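**Q** predicted model follows, preceded by the sequence.
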Amino acid sequence: MSAIIIFGFFVLTNRDRVKTFRTGSSAATYHCIYETTIQCTSGVVFPMMLRIYSPFNDVALPDNTMAFISAKMAIP
């Protein structure tokens with residue numbers, strides 16, 4: 001697996017909130033998951049899933065929200 005740092009403006013769609021547990025722990029962690037795309041300078045567009053930590057009482061952003069994002073990206 002490779003990892004890089006990316007940043008830029010992304011349009012967030014198809015939001016979903018998920019609750020996960022670490023192995024052997026009863027503490028829950030909440031994330032918002034969004035779909036977006038990344039476009040290379042060559043014009044090729046790749047779909048991307050964005051997972052953001054979110055407190056349990058936080059509200060997910062509405063679809064088609066534009067956000068400036070700086071993130072570590074993992075490539076399988």
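**A** Cool, the structure landed. Numbering: from 1, shown residues only.
**Q** show me the contacts for the residue located most distally from the centre of the chain.
**A** Here the chain reaches farthest from its C-alpha mean at residue 24, the gap being 25.2 Å by C-alpha atoms, centre = their mean. For residue 24, the contact set (C-beta atoms under 8 Å, 6 or more residues apart in numbering) is empty. Yep, even glycine has a C-beta here, placed from its N, CA and C like the rest.
**Q** partners of the spatially most central residue of the chain in the sheet?
**A** With distances taken as C-alpha atoms, centre = their mean, the chain has residue 50 as the residue nearest its mean C-alpha position (1.5 Å). Under the criterion DSSP bridges, residue 50 forms beta bridges with residue 34.
**Q** wouldn't it be in contact with residue 12 here?
**A** Yes - contact between residue 50 and residue 12 holds when scored by C-beta atoms under 8 Å: they sit 6.8 Å apart.
**Q** what residues are shared contacts of the two?
**A** With C-beta under 8 Å, 6+ apart, residue 50 and residue 12 have common neighbours 34, 35, 36.
**Q** and which of those residues is nearest residue 7?
**A** residue 36 (13.1 Å; C-beta to C-beta).
**Q** quick one: what helix or strand has the closest one in it?
**A** Assigned by DSSP states H and E, residue 36 belongs to strand 28-39.
**Q** follow-up on the earlier one: give me the secondary structure label for the residue farthest from the centre of the chain.
**A** Under DSSP: H, G, I helix; E, B strand; the rest coil, the three-state class of residue 24 is coil.
**Q** over to residue 74?
**A** For residue 74, the assignment made with three-state DSSP gives strand.
**Q** which residues touch it?
**A** Contacts for residue 74 were tallied using C-beta under 8 Å, 6+ apart; they are 1, 2, 3.
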